[in-house]
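*Asks:* could you work out the structure for the sequence below:
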Amino acid sequence: TTVVEGGQARNVKLSGGGYAEMAVDGAGNLYFSRQNYTPAAGYGNDSVCRISPSGVVTTVAGGGTVLPGDNASLGATTAKLDSMTAGLPFTVDSAGNIYIYDATMNNNNTSPNNGPRIRKVDTNGQMTTIAGAGTTFVEGGQAMNVKLRGGGYAEMAVDGAGNLYFSRQNYTPAAGYGND
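*Replies:* Purely as a prediction, here's the structure:
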């Protein structure tokens with residue numbers, strides 16, 4: 001079968017191919033990303049799901065139809081998310097907040113130069129943008145005011161002090177990929 005909200009994880013069919021991110025929070029919940037693929041629509045609209053210690057699976061982010069804005073909060077499961085690769089990059093902190101590297105284009109901008117964003121899903125299920133709304137990458141700049149490059153894969157981690165770390169791809173149309 002497919003992912004059924006509130007169903008037992010052992011009965012869930014995982015869709016999409018390739019790599020999936022996984023993480024565990026302080027309460028023992030297992031999180032995983034999945035690609036939502038259909039032959040008609042193709043890839044896109046990815047999601048993050050949680051499996052509780054008792055084996056119940058729940059979608060906690062993505063799978064919706066609303067493009068997240070940069071200055072708004074919305075219910076995380078109403079958001080449309082896209083990894084542009086296999087496996088939506090994310091991490092979970094000790095409090096259960098989820099940080100997602102979302103490559104979905106914003107504000108109806110279809111330009112690949114619009115760039116990805118880092119979204120935070122708080123423990124109440126609300127999603128906000130915390131990084132990537134700027135026009136250039138400035139070392140030491142405020143996270144919301146920098147541009148994150150590339151639509152490809154990124155690794156993410158949160159340390160014990162709550163600092164978020166991520167890798168980023170450097171891509172320019174003239175030079176291609178490199179200097180990550």
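*Asks:* how about the strands in this structure?
*Replies:* For the chain, the strands defined by DSSP state E cover 22-24, 30-34, 47-51, 57-62, 74-75, 90-92, 98-102, 117-121, 126-131, 156-158, 164-166, 171-172, 176-177.
*Asks:* tell me the strands beside the fifth one, with direction?
*Replies:* Going back to what we said before, that points to strand 74-75. Using DSSP bridges, the strands paired with strand 74-75 are strand 126-131 (antiparallel).
*Asks:* tilt between the strand it pairs with and strand 117-121?
*Replies:* 150 degrees (axes from the mean of the first three to the mean of the last three C-alpha atoms, to 10 degrees).
*Asks:* strand 126-131 - what's its average pLDDT?
*Replies:* The pLDDT scores in strand 126-131 average 90.
*Asks:* what does that strand rub up against?
*Replies:* Residues from elsewhere that reach strand 126-131, judged by C-beta atoms under 8 Å, 6 or more residues apart in numbering: 61, 68-76, 79, 99, 117-122, 143-144, 146, 148, 164. Where C-beta positions appear, they are placed from N, C-alpha and C, glycine not excepted.
*Asks:* of those residues, select the buried ones using a PyMOL command.
*Replies:* PyMOL command restricting those to the buried ones, with burial defined by 16 or more other C-beta atoms under 10 Å:
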select buried, resi 61+68+69+74+76+79+99+117+118+119+120+121+146+148+164
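*Asks:* before we move on, back to that, please identify the most buried of the strands of the chain.
*Replies:* Of all the strands of the chain, strand 98-102 carries the top mean neighbour count, a mean of 26, counting by mean count of other C-beta atoms under 10 Å.
*Asks:* run through the neighbouring helices and strands of that strand.
*Replies:* strand 57-62, strand 90-92, strand 117-121, strand 156-158 (3 or more C-beta pairs under 8 Å, 6 or more residues apart in numbering; DSSP states H and E).
*Asks:* at 10 Å what do you get?
*Replies:* Contact analysis of strand 98-102 by 3 or more C-beta pairs under 10 Å, 6 or more residues apart in numbering; DSSP states H and E lists strand 47-51, strand 57-62, strand 90-92, strand 117-121, strand 126-131, strand 156-158, strand 164-166 as its packing neighbours.
*Asks:* how about these in TSV, adding distance to residue 6?
*Replies:* Below are those laid out as TSV (distance: least, C-beta to C-beta, whole Å):
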stretch	distance to residue 6
strand 47-51	11
strand 57-62	7
strand 90-92	20
strand 117-121	19
strand 126-131	21
strand 156-158	28
strand 164-166	30
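*Asks:* what's the closest of these to residue 28?
*Replies:* With C-beta to C-beta as the measure, strand 47-51 is the member of these nearest residue 28 (9.7 Å).
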